[in-house]
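Student: Got a predicted structure here, sequence first:
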Amino acid sequence: MDRVGAVTRLPVLSIITWAPFVSALIIMALARHRPLLVRWVAVLGSTVSLGFSLWLYQAYDRAAAGFQFVERIPLVPSLGISYELAVDGMSLLLVLLTSIIIFAGTFASWTVKTRGQEFYALLLLLVTGVFGVFVSLDLFVFFLFYEIAVLPMYLLIGIWGSTGDVPPRGIFGWSFRQTGVGTKEYAAMKLTLYLLFGSAFILVGILALFAANGSTSFSLLELQRVHFDPQLQSWVFLAFYIGFGILAGIWPLHTWSPDGHASAPTAVSMLHAGVLMKLGAYGLIRLGFVLLPDATLHWAWLVGTIACINIVYGAFCAMGQTDLKYVVAYSSVSHMGVVMLGAATLTEAGLNGSVFQMFAHGVMTALFFALVGLVYEKAHSRDVRRMGGFATMMPGIAVAFTIGGLSSLGLPATAGFVAELLTFFGTWSSVHRWWLFPGVAGAFLTSIYVLRISKLVFWGPKTTDPEFQHLTDAHGTEWVAIIILIGVIVLFGVAPALALDPVGTATVPLLQRLGVMQ
Amino acid sequence: MADPTLPIATALLLPLLSFLLLGVIAPLRRLGRGAGYVSLLLSCGALAGALLGWQRTFPEPEPIRLLTSWLPAHAGPLASVGLLIDHASTMMLVLVALVSCLVQAYSLGYLHDEPRASLGRYYAYQSLFAFSMMGLVLAPNLLQLFICWELVGLCSYLLIGFWYQRPAAARAAVKAFWTTKAGDVGLLIGIVLLWRHAGTLELLDLRLLAESGRLAPAGLSVITFCLYLGAAGKSAQFPFHIWLPDAMEGPTPVSALIHAATMVTAGVYLLFRTEWLFALTPDVLLIVAFVGAFTALMAAVLACVQTDIKKVLAYSTVSQLGYMMAAIGSGAAHAGFFHLLTHGVFKALLFLGAGAVIHAVGSNEITHMGGLARRMPQTVIIFVIGTLSLAGMPFFGGFLSKEEILAAVWAGGHPVLCLVLLVAAFLTAFYMFRVVFLTFFGVPSEGRGSAVSHHAAATDGPPHSAPHAHDPPLIMAAPLWLLAIVSMAIGLYFTWQHPAPEFAAAARDTVATVPVPGWLSPLAVVVASSGILLAWLTYQRRTIDATRLAAAFGPIRHAALARFWIDDVVMLAYRGGLLAGARAIGWVDRYLVDGVVNALSAAVVMGADRGRRVQTGRVQDYLYGVALGLLALITWIGWAR
Amino acid sequence: MTLSILAFWCLAVALVGSALAVVLTRNLFHSVLWLALALTSTAGLFLTLDAEFLAAVQLLLYAGGLITIVVFAIVVTKRMVGERIAHTSRRIGGGLVVAAALFAALFRVIRTAPVSAIRPPMPGDITKLMGDAILTRYSLAFELLAVLLLTALVSAIYFARPED
Amino acid sequence: MNRVTALVADGSPLALEAGVFLLSLLALVIGTVRRGDPRRLIGGVVFVGLALLFGASFAIHPGEVLFDGVYRTDELALFAKRLFLGASALTVLASLALEPVTFSRRAAEYHFALLVSLLGMLVLASARELILLFVAFELMSIPLYFLTGFLKREPTAAEAALKFLLVGTLSSAIILYGISFVYGVTGSTDIASVAPALRLGQPLLGLGLALTLAGLGFKIAAVPFHMWVPDAYEAATTPFVAWLSVAPKAAGFVVIFRLYLEGVGPAALLWLPGIAALAALTIGAGNLMALPQRNIKRLFAYSGIAHIGYILMGVAAFSRGGTGMVLFYLVAYLFGNMGAFFVIQAVGAAERSDSIEVYRGLAQRSPVLGLSMLLFLLSLGGIPFLAGFWAKLYVFWAAVDKGMYWLAFLGALLTVLALYYYLLVARRMYIDPPQRPDPVRVPGTLKLAIGICVAGVVAMGAYPEPWVREALRIAGTLF
Amino acid sequence: MGLSSYLTLAAIVFCIGLFGVVTRRNTVGILLSVELMLNAVNINLVAFSRFHGQTLGMIFTLFAICITVAEVALGLALVILLFRTRRTVLADEIDLLKG
């Protein structure tokens, strides 16, 4: 950790983090009633982040590893809080992911009709939170950004979301009408509250560690030198697991995610499923694994087992859906299981696979949501039972969707394959070998529901429904997101070393610290 | 001698280049035929490279390996990609390059009515397939093999579903993908297990380990069985065979290339490449052999009742794959591989020939054909050459390889299996000549014109009416002739040479070697000839009534018409098990798991609303609150002390 | 000594009795009058505790002033409706339980508390001492009391005066 | 007058009290002398006076002891006085925007009462002696009853005031009863004499302190002594409610610190479970009862109760950190809650209703007002980069630091519940479409008051360090 | 008489007052009951004062009496106001504000 001091002169991480925020302010301040200007300011903001992320990605010294580009400003010295940013190999990749997705997301929401100014401002605010989480080293600042990343969701879904129809059934049917299940307001509230509920656990965990260390510092670097009492570790780990796990969509605390993603507007789903859910897994690794090694070894079985449930259960749920967005949303639940499973293996391959899957799933699910958003925008329906043969009318979208689907089912030459393969290698090297089987089964089930849904929607004979006779393919700016995301999927699928090199510099020391690797 | 690496690498990369050109540059793809020419040109280049490389490999005693790290890890790369150039891989490469090149040329004629954009798409897929298949063939390790394995599966999926507007095609595409994917699950597990077991996935290293006995035998059977599952899926072994007949929904050239000559044999190739590993697990080999023989027989039976020409060929492919598997299972992987090569040539020939017929007639149904010999003389010759090869007649392509398989199975100590295979050989000859007689000879089909047009809509290719049927244009005929010549050349060469069976030397000591009786080879010829004779008597001379023949095998025929209900069982499992289960779990998630959440939140709100009534608005109750609070505090203080 | 004990008991009985009457009687007027008696008894208790000045204050301010105000208020309200104002109780059981429980809790502590039973002599003239303290140490409190009374006055006038 | 200026110039600790007293008299005098509508004049004068006094408070140095130790100005007292003065100034500013209909010709009484109550608080902050403490406490309380019933033409005003008064008088009686025991055991009315007596283990002293705590529970509105709060909030004028929700409660906490930190000393550890339980009860009940509210003032009343619970959590931590965090919380709460009430005032005046329904589409009608309200809501809900976030975190930390994980968990989870109802308001403002297109008209003075609160909320949230340092420093003087 | 007798007496009166506070329906009655409680407190204070041999408690009592009278006066003014606007002084009839 002696590399921490490698301070650069330009505060790159701050620029990446705050550029979207600044453009949000500009949008709110200047761009009143000028929709195109709003969009270009947003593009500018995300371009700055993307550009610097790319630069950062190549400038990161892989040989030196560790945390680099450190920035530190004391924020509340009296309580050991400082604005401390840095990246290591793991966060590096996720910063890149975030900037790619917000860049794509800016274009994907080009057609937002009402209140575009607020939409973009909130979206960019949200992104600042996400960046902040990935780059902050101070636990408190981490939490701060974490909350920022959650809150704008409420308005984004509530205002620009879409409402579905969920008939109340079953023994809890009485509560469905009361809570308004299916409406966008319900989804927004559920998502926000669920995530904040999780953050409450995280908060108490962070505070407990802080207090146990004599209330001197929230810095990750400081805290990771401390060996906490195993019992404290144990429950703090569980608190982290619940808290971050909710965001990562662990079963059975995942139910916010399908509703939220289904109701959210396109860019928000992209960002949320693409990046925010990763934030949960990232947080668990960054905080849970690093700070609580004993508890990590102790609870890995739980994390992995629930991850297995996630994978299979999520896949089955996805298969049982008739709403296009719900299919994609449940597939996220399933894929996040892979992320958690890889992490739980506590092996090099598994952990690398986990981080890689964060990236891969981030990109492909963003692609999915971008495409589903396009389909919804054109067809005004998400019901797959009514669709069919859309490929004749929107061949581009159909092909892109299939590519996304192939990545999702782990087809080689896409990023999804590398991630799953590494994870599977990891499971069989871990203590709990049987995890391999649910994992592989999940990949198989994915192939079934993904291809089935793409067959139902795009391939096969063209539907006779008069409503769907004059659909058009994507055009103009709509292509930007699709092309970028597909490019990234394939690039990282063909050359995984691009990501694995930096990631390895972060995961290997972590595993060594845990004592499971020499 | 010159290094074979460069031409081989060229052969591998040219199709990739073609795919990238067609895939990325949309205007080029939309050219249609132009795209086809680009692809064809590059494919010819690839063929040239493959041939050159093959020729240069002859003097090389040792395999050449080229590796580059792909998945980095802390202690050396976790996985690499590269080339493994040896005799077997280059030979297979030549087959792939050859058939793919010919098919691409053939397609130019066969699909000339296709819209431009979709023709471009077709060639893009074709190029991708060629690249992936070559990558598979040249894979130096199981991981790369798996990667390409999946990619060819993808291409198969894409090409089967090429005419995606047809419901059957769309359905067949996913069915093919899912079925093979189910096998791939096994393959993947096998690879993961093997990686952990042996610490490497490199074929050469693994072989060294296996042959030096440093591979722990415990658990190895599971690994090989898993690998076999993958192979069974790809190579359409029972019960995974169900996808292959449906895959005929794709364009016929695709069937020739992917579902006859190359991709479906990948499973056999995999087992051939890892025969030393399987040799360590004789129990699994036994399974391979039995399933192979059973598949051969079952598919042959099924082929007898088909009326769709492509379906017949498809089942025959399944049957032949069973042959190859049986050989490998008997410990004679070389025999299987040899049959793979010869089968690749003549089955491609048969499919393309059938394509020419379909192209001419506009229907897949042999009942709609008949008497085509006069109108399509070239095609007849070609098709008969292919058929005789398949039947394993001397001087034809399949003769020696089939004979070797029979001998290998006998030598492997499975006379019963040998018998089964002989029965299958009889059936093969019968059903193939049934097709030949019904299609090219016999009653011309003018009288059934209306039926033809009725069915035209349901078949691939441009609808032509039978009366105007004629031989295919040059672009289609040339590949046919070329394949026929190659097939004949192989047949003649090996009949002439008739080398001593190699399997005796190749057979491992783990497999009991039984001396092969000399009568086996003539017996095989006799069996095949009698099959031809039966077909001739039934369908040409009509001395045996076809319906009475069918009635004699009543129950079997009935079962075979129903495909032995295997598809139905799988369908039931899919619909009743998987989909219904998924719907049930989806319901549980929505209404129970999420229901708890909703119920909790609704309960909190309701509870809060009820709790609000504590605030009655009457001041005495407020005062009560104060009094009770006071009481509680005092009681607590008294108690705490 | 016996006389003072007797006085205490008499006053105590009077106080408790009148207090009970205050909370139990069904007539508001009677209630007020009983309160006057209770306050007067308290003044008597003050006397037994040598607080003559306070007893006087109690009589004048409390028993006199307060009762006057209350009676005035009752008369005003009664005159405005011209009927008897209900003066009943509710939830007597609950109140009884609460009061009894509180008393039990209080009594338990008071009984066990080590308190002295002897009265030390007072350091001098109580009234003078009080006056001195109020004008020195408690002068601020005294000033504030003045403000407080002014505020109460202003407020009471504000509420009681008719619409402006 | 000269003496007063001299007092201020000398930095005499009583200068603030004297100034406020004079201001209150001035308000009365202007009200009687001036013809016509005096409200602007009075409000202006009082605001300027309070602002000046607020500034003057920084010239006063702690450590002065007056009246034989009865009155002492220490760091905590000064902090509290500034808080009271600031809150009062904001309220007076917002009161300037009150409609003439309800306000004309009564402004004198209104401001007089407000200032008298403020006077009580100022003295209360410095009182080190039970008699003065009680008198100041009552001086603070009585004007509150009056101000609650200020809108006396409304049928609800007298009702709320009377309820408030009855509960308040009962609480006074209880406090007084408690104090009588404290005095009885210690034989002294000095707060400092409590700790030595406690060491002797007198059971009556415990009883007295418990009774006093119950009485104070009423003032800070801890559950179950809270029931007057929503009624009073609903009926009273909004600027006053803004003030009522902050200043007297802060005063209550100052008294709690005085009695239970300074007075009781380390023995207070015994009390912590009780206070913690009170905190838990208050957080839980406050948040739950706020859920089904339809009237925004009632909603904020209950949410305010919940906030009191959070502050009590900091008290229960009984540490330098905990106390400091309570002080920080009070300031954050001041900005957030007062700001929210000012917005409620603006909207209520425009819509003639305090129903949450009238907030529909507020963000589209008046984006700035909507954003301000959102900021206040989020600050109260504890969202980052706003004051309330740090405040909540700090009290949680204080609790965790003391090993009260359960309390921190409970608090953190119930915060989510709180966000639910805050977000419901946000939903009305941002998600629902507006019923009327016209913007809400906000008078200038109210704009200024809201602006100050926004600035406070954002500044404290963006850079909390100076505030935290100050709070910890002040808290440090108590330990 | 010892101190505890006075304290007990005061406690009894305090509790009687409390009983009245929570049971009386008439707001004036409640006020009267509160007065009883305050009166009990005064007894407490004076008794403590006497048994300490000081005047502190008596001074306290003096203040207390004044303040309570002021409070009651304000309360009665409110009762009158309430009566004027709502025509009732019964506590359980003034529940416009609730919930």
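Tutor: It's in.
Student: tell me the helices in the stretch 251-400 of chain D, going along the chain?
Tutor: D:272-290, D:296-317, D:320-351, D:362-365, D:367-381, D:387-401 (DSSP state H, counting those that start in this stretch).
Student: swap that for the stretch 101-250 of chain B, please
Tutor: B:116-137, B:142-160, B:167-198, B:203-211, B:220-234, B:243-246.
Student: Please apply the same query to the stretch 301-450 of chain A.
Tutor: A:324-345, A:348-379, A:395-408, A:415-429, A:436-457.
Student: and the longest one, anywhere near chain B?
Tutor: Yes - using Cβ under 8 Å from any Cβ of the partner chain as the criterion, contacts between helix A:348-379 and chain B involve A:E348, A:A349, A:N352. The C-beta positions use only the backbone N, C-alpha and C, and glycine is treated the same way.
Student: what does chain D put close to chain A?
Tutor: Residues of chain D lying near chain A (Cβ under 8 Å from any Cβ): D:321, D:363-364, D:378, D:383-385, D:389-390, D:393-394, D:396-397, D:400-401, D:405, D:408-409, D:412-413, D:415-416, D:419-420, D:423-424, D:426-427, D:430-431, D:463-465, D:468-469, D:472.
Student: a markdown table for the helices of the stretch 251-400 of chain D, including mean neighbour count, distance to chain E and mean pLDDT?
Tutor: Listed next are the helices of the stretch 251-400 of chain D as a markdown table, based on neighbours: other Cβ atoms under 10 Å in any protein chain shown; distance: least, Cβ to the nearest Cβ, whole Å; pLDDT from 0 to 100:
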| stretch | mean neighbour count | distance to chain E | mean pLDDT |
| --- | --- | --- | --- |
| helix D:272-290 | 23 | 9 | 88 |
| helix D:296-317 | 28 | 7 | 90 |
| helix D:320-351 | 26 | 16 | 89 |
| helix D:362-365 | 22 | 24 | 86 |
| helix D:367-381 | 24 | 21 | 90 |
| helix D:387-401 | 28 | 26 | 86 |
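Student: Out of the ones you listed, flag the one nearest B:G120.
Tutor: helix D:362-365 (50.2 Å; Cβ to Cβ).
Student: name the helices or strands packed onto the closest one?
Tutor: Applying 3 or more Cβ pairs under 8 Å, 6 or more residues apart in numbering or on different chains; DSSP states H and E, one finds that helix D:362-365 makes contact with helix D:367-381.
Student: what's the closest of the residues of helix A:348-379 next to chain B to chain E?
Tutor: Taking Cβ to the nearest Cβ as the measure, A:N352 is the one of the residues of helix A:348-379 next to chain B closest to chain E, at 57.6 Å.
Student: wait, what's in contact with the closest one?
Tutor: Contacts for A:N352 (Cβ atoms under 8 Å, 6 or more residues apart in numbering or on different chains) come out as A:G342, A:L422, A:G426, A:L500, A:V503, A:G504, A:T507, B:A73.
Student: Could you confirm the last one falls within a helix?
Tutor: Think B:A73. No - assessed with DSSP: H, G, I helix; E, B strand; the rest coil, B:A73 is coil; it does not lie in a helix.
Student: measure it to B:T379 for me?
Tutor: 56 Å (Cβ to Cβ, to the nearest Å).
Student: Counting neighbours around each, name which of those two comes out higher.
Tutor: Of the pair B:A73 and B:T379, B:T379 is the one with more neighbours under other Cβ atoms under 10 Å in any protein chain shown, namely 28 against 18.
Student: Name the helix or strand of the chain that has the lowest mean pLDDT.
Tutor: Let's take chain A. helix A:173-179 (a mean of 82; mean pLDDT, DSSP states H and E).
Student: elements contacting that one?
Tutor: helix B:594-611.
Student: The same query, at a cut-off of 10 Å, please.
Tutor: helix A:184-212, helix B:594-611 (3 or more Cβ pairs under 10 Å, 6 or more residues apart in numbering or on different chains; DSSP states H and E).
Student: which parts of the last one are buried?
Tutor: So that's helix B:594-611. B:D594, B:G595, B:V597, B:N598, B:A599, B:S601, B:A602, B:V604, B:V605, B:A608 (16 or more other Cβ atoms under 10 Å in any protein chain shown).
Student: per-residue confidence for residue 83?
Tutor: If you meant another chain, say so; for now it's chain A. As summarised for this prediction, A:Y83 has a pLDDT of 87.
Student: my question was about chain E
Tutor: 84.
Student: which residues does the closest residue to it other than its chain neighbours contact?
Tutor: Closest residue to E:F83 apart from its sequence neighbours, by Cβ to Cβ, 6 or more residues apart in numbering or on different chains: C:T77 at 4.7 Å. Applying Cβ atoms under 10 Å, 6 or more residues apart in numbering or on different chains to C:T77 gives the contacts C:L28, C:I85, E:V28, E:L76, E:V79, E:I80, E:L82, E:F83, E:R84, E:R87, E:T88, E:V89.
Student: Quick check: C:T77 vs B:L17, distance?
Tutor: In terms of Cβ to Cβ, C:T77 sits 103 Å off from B:L17.
Student: again with C:A19
Tutor: Where B:L17 is concerned, C:A19 sits at a distance of 106 Å (Cβ to Cβ).
Student: cool, D:F240 as well?
Tutor: Taking Cβ to Cβ, one finds D:F240 at 81 Å from B:L17.
Student: before we move on, what about A:V87?
Tutor: In terms of Cβ to Cβ, A:V87 sits 37 Å off from B:L17.
Student: neighbour-wise, which of the two wins?
Tutor: A:V87 (28 against 17).
Student: my guess is B:L67 is in a helix, correct?
Tutor: No - under three-state DSSP, B:L67 falls outside any helix and is assigned strand.
Student: Contact partners for it?
Tutor: So B:L67 contacts B:P77, B:A79, B:S80, B:V81, B:G82, B:L83, B:L84, B:P140, B:N141, B:Q144, B:E202 (Cβ under 10 Å, 6+ apart).
Student: Then D:T148?
Tutor: With Cβ under 10 Å, 6+ apart, D:T148 has these contacts: D:157-165, D:168, D:228, D:231-233, D:235-237, D:240-241, D:244, E:78.
Student: any idea how far it is from chain C?
Tutor: Note on D:T148: its distance to chain C, by Cβ to the nearest Cβ, to the nearest Å, is 11 Å.
Student: now D:V70
Tutor: 6 Å.
Student: Export the helices and strands packed on helix A:173-179 as TSV, with columns for distance to A:A300.
Tutor: Output for those, formatted as TSV (distance: least, Cβ to Cβ, whole Å):
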stretch	distance to A:A300
helix A:184-212	17
helix B:594-611	27
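Student: Output these in JSON lines; the columns should cover distance to chain E and mean pLDDT.
Tutor: Output for those, formatted as JSON lines (distance: least, Cβ to the nearest Cβ, whole Å; pLDDT from 0 to 100):
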{"stretch": "helix A:184-212", "distance to chain E": "23", "mean pLDDT": "88"}
{"stretch": "helix B:594-611", "distance to chain E": "9", "mean pLDDT": "88"}
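Student: so which of those helices comes closest to D:A210?
Tutor: Comparing these by Cβ to Cβ, helix B:594-611 comes nearest, at 26.1 Å.
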